[in-house]
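Sequence and computational prediction follow.
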Number of protein chains: 2
Amino acid sequence: MSVIKPSLAKGTRDFTPVEMVKRNFIYDTIKTVFKKYGYAEIQTPSFENLSTLTGKYGDEGDKLIFKILNSGDYLGKIDEQLLTTRNSQLATSKLSEKALRYDLTVPFARYVVMHQNEITLPFKRFQVQPVWRADRPQKGRYREFYQCDVDVVGSESLLNEAEFILIYDEALSKLGLKDFTIKINNRKILSGIAEIIGKPDLIIDMTVAIDKLDKIGLDGVSKELLERGFTEVDLEKLRPVILLEGTNEEKLASLKSVLSASEIGLKGIAEIEQVFEYVNLLNSSLITHRSKLELDITLARGLNYYTGCIFEVKTNEVAMGSIGGGGRYDDLTGMFGLKGLTGVGVSFGADRIYDVLEELNLFPASSEVGTKVLISNFDAEAEKYALPILQQFRNAGISAELYPASAKLKKQMAYADAKKIPYVVLIGGDEIASGELTFKNMETGEQKKLSASAILELLLKG
Amino acid sequence: MSVIKPSLAKGTRDFTPVEMVKRNFIYDTIKTVFKKYGYAEIQTPSFENLSTLTGKYGDEGDKLIFKILNSGDYLGKIDEQLLTTRNSQLATSKLSEKALRYDLTVPFARYVVMHQNEITLPFKRFQVQPVWRADRPQKGRYREFYQCDVDVVGSESLLNEAEFILIYDEALSKLGLKDFTIKINNRKILSGIAEIIGKPDLIIDMTVAIDKLDKIGLDGVSKELLERGFTEVDLEKLRPVILLEGTNEEKLASLKSVLSASEIGLKGIAEIEQVFEYVNLLNSSLITHRSKLELDITLARGLNYYTGCIFEVKTNEVAMGSIGGGGRYDDLTGMFGLKGLTGVGVSFGADRIYDVLEELNLFPASSEVGTKVLISNFDAEAEKYALPILQQFRNAGISAELYPASAKLKKQMAYADAKKIPYVVLIGGDEIASGELTFKNMETGEQKKLSASAILELLLKG
C-alpha cells in the first residue's frame, strides 16, 4: 500500500478535543432547554433515497445534494446512449439512488409520514445532526455542518410560537449571550400589505426587496421595488409600513390602521398579539425588555415556505448574520402525501453561535477541562504506589490519569499543560515514606503536602 | 412536485424518541467512563478523500465503501474508452473522489498524522460516530451504524491495556450487565506457539483455525489445521495449548513451560502478567473474580492488525456475539507516512449492547421519561391561569408542558400516556377558585389536591 500524504476532503473539518468540548457545551445547553419545553430527540439516517430529497430544495438546491454512487457494477446496467451523450444530469438517476441529508426538515417530514400511526399529535421533536451540501467552501461555510432543529407538528396553538421565543431567550442566555434580538413577523401581515397596495401577486417581489432594508437602505429598496413592478403611488403607501418605528405596541397600532381593510392582514396582527400575550404570561420581562423581542415587518426569510409567524435571531454583540430562525408552515408533510398537518419550528445556527462565543470569550473555563488531575510517574515503585490512589480518585468520579511511563518531570508537566490538567500529584521517595503527597495547582504554581484523602477532598470541592 | 410514498434507504434506520433516550443512555454512560480515564473526544468528517480510505480494508472492504458521486458535469471529463468498456471498478476513481467513513480507525490515523505538531503524546482520544458500509443488510446488520472507539497512541505502557480492562468492566457494569467476560490474549503468545511447532509462517492459518474452537469443536479445528498444512505431530503439540484450562495463573504456568524455548512467546506471557499486575493494583476484584477476566489463547480477532494484547468481551447473559474488542497495533499511522507510533485501543459494540439491554430489560425506567409533567388545558381561562405555573416548573429545571389547546380530558390523558409523562396537573374551575390543583400520578392513578408550590416540591423530589 502506497503512502499518501493525508488531507481533509474539501470543506470538511476535524474537531479537536478542545473544540469538541466547546461544541458539546453548545449542543448540551440547547438540548437541555428543548427537553425542558417537552421536546424529544429523534435521529434520521445520514442518507435517504434520492427520490425523497430531489425536488424539495429547488433546482439550485438539487445540484448541491451529495449523491452516493451505486455499489457493484453500476455501469453495466446503464443505457448505452446515456453514456455516449454524457448528460451528467440525466445519468445521475441511473448511477445513484441514495443521497446525503441536505437539511433536517425534509427527513423530518418523511419521518412524520412514515411513523404517523405511532405518533401522538402534537408531536414535539428536536434533532441535532450534520447535513451536507456541495457548496463552494469559503470562510464560515462548510460542506458538512450541524443543524439544531426543534419543531412541533399537529398543533395550531400560538403557544408554540411563544414558547420558541422563550426557548431562544433561555438557550442563548444560558450560553452567555447578553444582547440579542428575537425578531418576529407574520406572513399574513405581509400578505395584507400587498393586498392593500392592490398587488397581492407581487408579495414575493415586495418582501424580497424590503428584506434588504438593512443592507441597501430605503433608496435601494425603493429602486428595487420600482424595478419589480411597483409604482411611485405604491411606494407612497409602502414607505410608512417599511419605516415603522416605536415599541411593538406602537407598531401594531399603526399596522392595524393601515391594514384595517385587509382581513388577512388583521389576522396576522391578531396572531402576533396572541403570541405576545402568551409570552407575557410566561415571562413578562421579555415583553418589557424592549430590544429583546421585536416586531420587524421587513423580516421575510424563505417566505415561500412560511404561512404564519416568522422568526429570526441576531446577536447585537458582534457582527454576524442571523444565529437562528424559523416559522410556521401549514403543509410540511404534503410533499409525502399527508395533507393538512401544520408545523412550526425554529433552528439554532450552532456554527455561528460557536464563532460568537469564541469572539466574546464566553466559553466557560470549566468547559476546557477534561482530565482533572495527573499523577506523576518517576519509577516503578512510585507507579505501584500511585495506582490504588489513581483508582480511588476515579471511584469518586474524578477524571484522573497516571502518566503511563517513568519520565522526566519536565515532560510530564508539559503533558499536563498541553491537556490543561489543573492539578498534578507528585509522588517521589519522600512522599512514599511520609504518605504526604505533593499537590500542585498548575494555574497558580502553588504546592502543598497532603494525604491522598485530603487531595481527593480538595478535588471534589474544586 | 409529485407525491412519493416515502421509504427509508435500505439498511438505514430512524431512531424514535424512546430509542434515542436509550441510545443516549448507552453513549453517555460509556463516554463518562472514557473521560474518567483521561480520554478526550474528537470527531472527524463523515466523508474523506477516497484515496485516504482505499487500500486500508482489503479488496472486500474497498467494495463496501460508499463512494460519493462527483458534483457538476462529472461525465463530461471522463475518458470515452472508460465509458464504453463499462468497467465500473476503473470508472469509480474518475466518477468519485470522496467516500463515507468506513470505520473510525483510519480517519483517526489520518487525524494523528495531520495534527502531529499540535498533539502531545501520549494522545488519548475517544470517538463516537456513525460509519457506513455497503453490506447486504440483514437482521442486526445495518448500512449505517455507530462505533465507539477509545485509543491511545504514543505510549508503550501496558498500564493502558490494564485500564481498558477496567474501562470495559466499569462501563458495562454501569449499563447494568452483571455477567460478562473480558477475554485477553497476546499476538506474541500465538507467534510463540507457531514457532514452537516449527511453522511460524502458518501463524495466520493456525489462529484462524483455533479461533473457531467455540463453533466447531476440537475435531473441527483439528480437521481444519490438517487441511491448512499442519501434521498430526503438530496437532499433538497444539492440542494441550488449545485445550488449556484452569485459572489464569494455571494457564500462564502451563504456557511458560510449553513456550520456554520461544523468546517471543515468553515476551507475550510477560506482557499478560504485567497487565494482570496492573489490573490487580487498580482493582483486585477483577483478578479474584475468576470469570470476569480470562486469558483465552484461542482469541485471534483480526490478527494481521494486532501486534500485542488482544481483547474481546462477551456477555454471558444472552446469546450474542462479542460486544467489544480491540488490541495493540504497533504501526497505526505508517499508512500515512508516520512510522513507529504504537497504539492500543478498544471499541464498544453499541448496537449489540442495545439489543442485550433490551432483551434483559436493563434500561432504567427513568431513561424513558422525557417530559415530567403535563398541565391540562380545558379553556382559555384555565390556560391563562396555567401559564405562569408552567414556567415556574420550568424555571426550577422541570421538563413541563401545557397541552397546547383546549381538548377533552381523554385526549389529553392519551397524550400523556403516549409520551410516558408520569404526572398530570388538572386545572378546572374548582382548582382556579381554590388554588388547590389536582395532581395525578399517571402510574398509580392516585390524585391529590395541592398548591402549585407543593406540586413543584414533589416534582423536584421524585
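Received, thanks.

Show me chain A divided up by domain.
Domain ranges of chain A: A:26-41+A:134-359, A:369-461, per automatic domain parsing.

Which of the helices or strands spans the nearest residue to A:Val258 once chain neighbours are set aside?
Distances taken as CB to CB, 6 or more residues apart in numbering or on different chains put A:Val241 closest to A:Val258, at 6.0 Å, once the chain neighbours are dropped. For the C-beta atoms, the positions are set from N, CA and C on the backbone; glycine is no exception. According to DSSP states H and E, A:Val241 maps onto helix A:232-242.

gap between that helix and the chain center?
Put simply, helix A:232-242 sits 36 Å off its chain's centre (CA atoms, centre = their mean, to the nearest Å).

swap in stretch A:105-125?
21 Å.

which residues touch the helix holding A:Val241?
By CB atoms under 8 Å, 6 or more residues apart in numbering or on different chains, the surrounding residues in contact with helix A:232-242 are A:193, A:196-199, A:206, A:210, A:213, A:218, A:221-222, A:225-226, A:230, A:254-255, A:258, A:297-298.

residue ranges for the helices of the stretch 301-450 of chain A, please.
A:350-359, A:380-395, A:409-418, A:429-434 (DSSP state H, counting those that start in this stretch).

And for the residue in the stretch 201-350 of chain A that chain B sits nearest to, nearest residue in space, chain neighbours not counted?
The minimum distance from the stretch 201-350 of chain A to chain B, using CB to the nearest CB, falls at A:Leu281 (3.9 Å). For A:Leu281, ignoring the flanking residues on the chain, the nearest one in space by CB to CB, 6+ apart is B:Leu387 at 3.9 Å.

so that neighbour touches B:Ala400, yeah?
No. B:Leu387 lies out of contact with B:Ala400 (CB atoms under 8 Å); the separation is 11.1 Å.

which neighbours do those two share?
Common contacts of B:Leu387 and B:Ala400 (CB under 8 Å, 6+ apart): none found.

The two: who's more crowded?
Of the pair B:Leu387 and B:Ala400, B:Ala400 is the one with more neighbours under other CB atoms under 10 Å in any protein chain shown, namely 26 against 21.

give me the low-pLDDT residue ranges for the stretch 101-250 of chain A?
Nowhere does the stretch 101-250 of chain A drop to pLDDT under 70.

Now do the helices in it.
Going by DSSP H, counting those that start in this stretch, the stretch 101-250 of chain A shows helices at A:105-114, A:159-174, A:187-197, A:203-210, A:213-227, A:232-242, A:248-258.

Using PDB, write out every CA atom in the shortest one.
Yep, that's helix A:203-210 we're talking about. What follows is helix A:203-210, C-alpha atoms only, in PDB (Å, rounded to 0.1, in the frame of the first residue of the first chain):
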ATOM      1  CA  ILE A 203     -45.900  39.700  -2.500                       C
ATOM      2  CA  ILE A 204     -42.700  37.800  -3.100                       C
ATOM      3  CA  ASP A 205     -41.100  40.600  -5.000                       C
ATOM      4  CA  MET A 206     -42.200  43.000  -2.300                       C
ATOM      5  CA  THR A 207     -40.800  41.000   0.600                       C
ATOM      6  CA  VAL A 208     -37.500  40.200  -1.200                       C
ATOM      7  CA  ALA A 209     -37.000  43.900  -1.700                       C
ATOM      8  CA  ILE A 210     -37.900  45.200   1.800                       C
END
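
list the buried ones in that helix?
Judged by neighbour count using 16 or more other CB atoms under 10 Å in any protein chain shown, the buried positions of helix A:203-210 are A:Ile203, A:Asp205, A:Met206, A:Thr207, A:Ala209, A:Ile210.

returning to that earlier point: drop anything exposed from the contacts of helix A:232-242.
Judged by 16+ other CB under 10 Å, buried ones among the contacts of helix A:232-242: A:193, A:196-197, A:199, A:206, A:210, A:213, A:221-222, A:225, A:230, A:254-255, A:258, A:297-298.

Within range of chain B, give me the residues from the stretch 101-250 of chain A.
Within the stretch 101-250 of chain A, the positions lying close to chain B (CB under 8 Å from any CB of the partner chain) are A:110-111, A:113-115, A:118, A:120, A:122, A:124-125, A:130, A:132, A:134, A:144, A:152, A:155-157, A:159-160, A:166.

Pull out the buried members of those.
Buried, going by 16+ other CB under 10 Å: A:110-111, A:113-114, A:122, A:124-125, A:130, A:132, A:134, A:144, A:152, A:155, A:157, A:159-160, A:166, out of these.

Any residue of stretch A:415-428 touching chain B?
Yes. Counting by CB under 8 Å from any CB, chain B is contacted by stretch A:415-428 at A:Tyr415, A:Ala418, A:Lys419.

Tell me how far the nearest residue to the first one once chain neighbours are set aside lies from A:Val18.
If the residues on either side of it in the chain are set aside, A:Tyr415 comes closest to B:Thr120, at 5.5 Å by CB to CB, 6+ apart. Using CB to CB, to the nearest Å, B:Thr120 is found at 12 Å from A:Val18.

mind listing what A:Ile165 touches?
A:Ile182, A:Ile184, A:Val275, A:Val279, A:Leu286, A:Leu293, A:Phe311.

tally of neighbours for the closest residue to A:Ser262 other than its chain neighbours?
Excluding the flanking residues, the one nearest A:Ser262 by CB to CB, 6+ apart is A:Gly192, at 3.8 Å. Residues contacting A:Gly192 under the criterion other CB under 10 Å number 28.

I'd say A:Gly192 and A:Ser260 touch.
No. Contact criterion CB under 8 Å: A:Gly192 and A:Ser260 do not qualify, at 9.8 Å.

Are there residues contacting both of those two? Which ones?
Residues touching both A:Gly192 and A:Ser260 (CB under 8 Å, 6+ apart) are A:Leu266.

Grab the nearest non-local neighbour of A:Thr92.
Once flanking residues are discounted, A:Thr92 sits nearest to A:Lys67: 5.9 Å by CB to CB, 6+ apart.

Also A:Asp330?
A:Thr307 (4.1 Å).

my guess is the one you found meets A:Leu332, correct?
No. Assessed by CB under 8 Å, A:Thr307 is found out of contact with A:Leu332, at 10.3 Å.

Just want to know which of those two has more residues nearby.
A:Leu332 (24 against 19).

tally of neighbours for the residue nearest to the more buried one when sequence neighbours are not counted?
Counting by CB to CB, 6+ apart, the nearest residue to A:Leu332 once its immediate chain neighbours are dropped is A:Gly343, at 4.0 Å. When neighbours are counted by other CB under 10 Å, A:Gly343 registers 24.

And A:Glu41, by the same measure?
A count of neighbours around A:Glu41, defined by other CB under 10 Å, yields 22.

Which strand residues bridge it?
Per DSSP bridges, the residues bridged to A:Glu41 are A:Phe126.

Flag every residue of the stretch 301-450 of chain A that's near chain B.
So the stretch 301-450 of chain A meets chain B at A:334-337, A:370-371, A:383-384, A:387-388, A:390-391, A:394, A:397-402, A:404-405, A:414-415, A:418-419 (CB under 8 Å from any CB).

run the last query once more with 6 Å
Proximity of the stretch 301-450 of chain A to chain B, by CB under 6 Å from any CB of the partner chain, involves residues A:336-337, A:370-371, A:387, A:391, A:394, A:399, A:401, A:404-405, A:415, A:418.

could I get the residues you listed as a markdown table with pLDDT?
As requested, those are exported to a markdown table (pLDDT from 0 to 100):
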| residue | pLDDT |
| --- | --- |
| A:Phe336 | 93 |
| A:Gly337 | 91 |
| A:Gly370 | 87 |
| A:Thr371 | 94 |
| A:Leu387 | 96 |
| A:Gln391 | 95 |
| A:Arg394 | 95 |
| A:Ser399 | 96 |
| A:Glu401 | 96 |
| A:Pro404 | 94 |
| A:Ala405 | 94 |
| A:Tyr415 | 96 |
| A:Ala418 | 92 |
